[in-house]
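S.K.: here is a sequence together with a model predicted from it:
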Amino acid sequence: MGQRYERIEGRILDFIERQPVFFTATAPLSGDGHINLSPKGRSGTLVVIDELTLAYLDFGGSGAETIAHLREEGNGRITLMWCAFTGPPKVLRVHGSGEAVFRDDPRWAEFIPHFKEVDGPSARAIIVIHAQRISDACGFAVPFMEYQEERTQHAEHFGRKSDEEFAAYCEKKDHVGVSLDGLPALPLPLPARTD
């Protein structure tokens, strides 16, 4: 039976920190816009800031639908989800409001130290989530899966780029500055870092 929680603490915090992958979902306000669902991995890219605030490092390499939906006026809706692929079954969701903190935002320097182990040229935003509903479900239908190891290709590929090369990459990539539905996404040219 599912349960609601007031805060991210104790066994809920422990569960989040043990999962190697999570999913993030957003949607535009328009009823015919594209819903976005993205898997997120890479150890060290998600942190719990406090009992009601999480943040993850947003990297280049894909579109910017999440950023666009969070930037849309009157929107900001986001859900994070974790599944237990090992151990006792559980699905945990955090529904909330999110915002993208860009590299030229004064808060960038406040948040980026949380990601010092994974920071690099391809860090383009920090997604901050303010939890409004924290709940779990049974997860009985989630299969057992064995975690093997982190993939290193993303970090290696973008680790070879300078900040200037990464900014040029963002300028050329489709659906980075503008979402699939034409919403403003990542500011281009890519802002310089403030830290």
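M.R.: Perfect, I can see it now.

S.K.: C-alpha only now, for contacts and for neighbours.
M.R.: Noted.

S.K.: so residue 114, which of the three states?
M.R.: helix (DSSP: H, G, I helix; E, B strand; the rest coil).

S.K.: sticking with the closest residue to it other than its chain neighbours, tell me its helix or strand.
M.R.: Ranked by Cα to Cα, 6 or more residues apart in numbering and with sequence neighbours excluded, the top spatial neighbour of residue 114 is residue 47, at 7.1 Å. Using DSSP states H and E, residue 47 maps to strand 46-50.

S.K.: residue 89 against residue 82, yeah?
M.R.: No: using Cα atoms under 8 Å as the test, residue 89 is too far from residue 82 to be in contact (11.0 Å).

S.K.: comparing those two, which residue is more hemmed in?
M.R.: Neighbour tally, residue 89 and residue 82, criterion other Cα atoms under 10 Å: the higher count belongs to residue 82, 21 against 16.

S.K.: ok so that one is a helix residue?
M.R.: No: per three-state DSSP, residue 82 lies outside any helix segment and is strand.

S.K.: what sits against it?
M.R.: Residues near residue 82 by Cα atoms under 8 Å, 6 or more residues apart in numbering: 16, 19, 21-23, 91-93.

S.K.: mind listing the strands for the chain?
M.R.: All strands of the chain, identified by DSSP state E, fall at 3-5, 22-26, 36-40, 46-50, 53-59, 77-83, 91-102, 123-137.

S.K.: for the spatially closest residue to residue 13 that is not a sequence neighbour, list each beta-bridge partner.
M.R.: Excluding its sequence neighbours, the residue lying closest to residue 13 (Cα to Cα, 6+ apart) is residue 48, at 7.8 Å. Assessed by DSSP bridges, residue 48 has beta-bridge partners residue 54.

S.K.: no further queries at this time; thank you.
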